[in-house]
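Q: Structure of the sequence below:
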Amino acid sequence: HYKKKYPESIVVLTGCMPQSFPEMAEKLIEADIVLGNKNNKFLVSSLNQFFTNSCRVLNMEQHKSGEALISSGISRFEERTRAILKIEDGCDRFCSYCIIPKARGRVRWKPIENIKAEVKALTDNGYREIVLVGINLSAYGKGTDMCLADAVFAVSENPKVERIRLGSLEPDHITDELIEKLAKCEKLCPQFHISLQSGCNKILKKMNRHYTSDEYFSLCQKLRKEFKDCTLTTDIMVGFPHETEEDFEITKAFAEKVGFEKIHIFPYSRRSGTVADRMDGQIEKSVKAQRVNELSIVAEKIRNEFLNAQIGKVLSVLIEEKQKNDVYFGYTPNYTPVKITHGSVGEIQKIEIAKVQDDFCIGK
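A: Okay, here's the model as predicted:
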């Protein structure tokens, strides 16, 4: 459509789709340049090549085991007060619904020296909070004597860093030893996003997730014990093949049992090339929508209880943006959203929580 509307334009197709399905991407002749995830670093040179000879450029090299995580690093995030630092890529889990191992390759990570150098570049530009992310972040150091805690402490060594936050984690990678190590880092924010996907063991097994609901619950208890004011957030998928109403009710009850401070809820979506896509017992779209709605009501109730429990507390808030009518917005270490009527973007301030409004706290 775009090429028909602007025939003189140069269209670039890149990302997970051409990486996972190169033959399909190659057939989309309207794309002048096609790059897989592994080769997106060649975007500029591919454009120059196209400008020079006007010939279509195809570069979709497949991922290989043992390849390194190559990144030039990012030193600025425009209009952001938190800096995101990718330290891991790829995944070896092969969940039955997921195409990521094909799209992103196997687990690989940045060396500690690279992490320290990138953190220095970020803090030199004024960033005080660093968010460590990865496709399977908790697999950092897999196959060696290193673990995620080593990366956290490498960031913590920088005196300009005041907060460290972690991206999404896989529950079966969070060992007692890792929890013990992380708990020693005073700069680590006590907020953990731990993927659940389902609270029903039958569905977890069909998803090829490597833990049970009991193991997951035990992990949550350990984290809340070790980290003061700890908050737990998660992802839950509803409508996975063969999920019955009883299975869904088990998941709903489990969400209430854990008391997640926030839940990202989404309906199962079929992905070509995955095991789950070939399963029978697919759930109707209307049923999935209904389950999303039902679980959302439970999640909102838990969320409101958590926010109201913050009233009267004095918390540190990193002011992230100035909104309309001189209202400032930011987050506490455990990711409680707070609005105040005065502040300074980029500063960390002590705020007393006065009330709750919509999905955030009002501070003074």
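Q: Show me which helix or strand of this protein is least confident by mean pLDDT.
A: helix 100-104 (a mean of 87; mean pLDDT, DSSP states H and E).
Q: Near the residue nearest to Val345 when sequence neighbours are not counted, how many residues? Count them for me, please.
A: By the measure of CB to CB, 6 or more residues apart in numbering, the closest residue to Val345 outside its immediate chain neighbours is Ile319, 5.3 Å from it. (Each C-beta comes from the backbone N, C-alpha and C, glycine too.) Each residue near Ile319 was counted by other CB atoms under 10 Å, and the total is 21.
Q: swap in the one 5 residues further on?
A: Neighbourhood size, Lys324 [other CB under 10 Å]: 5.
Q: Over to Lys27?
A: Here the neighbour count serves as a burial measure; for Lys27 (other CB under 10 Å) it reads 9.
Q: How about Phe254, nearest residue that isn't a chain neighbour?
A: Phe254 sits nearest to Gly199 (CB to CB, 6+ apart), 2.8 Å away.
Q: same deal with Leu13?
A: Counting by CB to CB, 6+ apart, Ala31 is the residue found nearest to Leu13 once chain neighbours are left out, at 3.8 Å.
Q: Would you confirm that the one you found contacts Ala25?
A: Yes - using CB atoms under 8 Å, Ala31 makes contact with Ala25 at a distance of 7.2 Å.
Q: Show the low-confidence segments of the stretch 1-150 of the chain, by residue range.
A: Scanning the stretch 1-150 of the chain for pLDDT under 70 picks out the ranges 68, 70, 72, 79.
Q: just so I have it, where are all the strands in it?
A: Per DSSP state E, counting those that start in this stretch, the stretch 1-150 of the chain has strands spanning 12-15, 33-36, 57-59, 82-89, 108-109, 129-134. These are given in chain order.
Q: Parallel or antiparallel, list what pairs with the second one.
A: Sheet pairing here is set by DSSP bridges, and for strand 33-36 it gives strand 12-15 (parallel), strand 57-59 (parallel).
Q: Run through who's touching the shortest one.
A: It refers to strand 57-59. Defining contact as CB atoms under 8 Å, 6 or more residues apart in numbering, one finds that strand 57-59 is touched by 26, 32-36, 39, 42, 46, 49-50.
Q: got it, and the longest one?
A: Residues from elsewhere that reach strand 12-15 (CB under 8 Å, 6+ apart): 25, 28, 31-37, 40, 43, 46-47.
Q: any chance of these in JSON lines, plus neighbour count?
A: Formatted as JSON lines, these follow (neighbours: other CB atoms under 10 Å):
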{"residue": "Ala25", "neighbour count": "20"}
{"residue": "Leu28", "neighbour count": "13"}
{"residue": "Ala31", "neighbour count": "21"}
{"residue": "Asp32", "neighbour count": "18"}
{"residue": "Ile33", "neighbour count": "19"}
{"residue": "Val34", "neighbour count": "23"}
{"residue": "Leu35", "neighbour count": "24"}
{"residue": "Gly36", "neighbour count": "24"}
{"residue": "Asn37", "neighbour count": "21"}
{"residue": "Asn40", "neighbour count": "15"}
{"residue": "Leu43", "neighbour count": "15"}
{"residue": "Ser46", "neighbour count": "22"}
{"residue": "Leu47", "neighbour count": "15"}
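Q: Out of these, which comes closest to Lys142?
A: Asn37 (19.6 Å; CB to CB).
Q: Excluding covalently adjacent residues, which one is nearest to that closest one?
A: Taking CB to CB, 6+ apart, and ignoring the residues beside it in sequence, Asn37 has Gln19 as its nearest neighbour in space, at 4.3 Å.
Q: Was I right to think that neighbour contacts Gly36?
A: Yes - the pair Gln19 and Gly36 qualifies as a contact (CB under 8 Å) at a distance of 3.7 Å.
Q: Spit out the residues that contact the two alike.
A: Met60.
Q: show me where the stretch 101-250 of the chain has helices.
A: Under the criterion DSSP state H, counting those that start in this stretch, the stretch 101-250 of the chain carries helices at the ranges 112-124, 148-156, 176-182, 201-206, 213-226, 245-258.
Q: If you compare the directions of the fifth one and helix 245-258, what angle comes out?
A: Taking axes from the mean of the first three to the mean of the last three CA atoms, to 10 degrees, one finds that helix 213-226 is oriented at 10 degrees with respect to helix 245-258.
Q: picking up where we left off before, which secondary structure elements does the least confident helix or strand of the chain sit against?
A: Packing partners of helix 100-104 (3 or more CB pairs under 8 Å, 6 or more residues apart in numbering; DSSP states H and E): helix 16-20.
Q: Return the set of buried residues in stretch 10-24.
A: Within stretch 10-24, the residues that qualify as buried by neighbour count (16 or more other CB atoms under 10 Å) are 12-14, 17-22.
Q: what's the spacing between the longest helix belonging to the chain and its chain's center?
A: Of all the segments assigned as helix in the chain under DSSP state H, the longest by residue count is helix 285-308. Here the centre of helix 285-308 is set off from its chain's centre by 20 Å, with CA atoms, centre = their mean, to the nearest Å.
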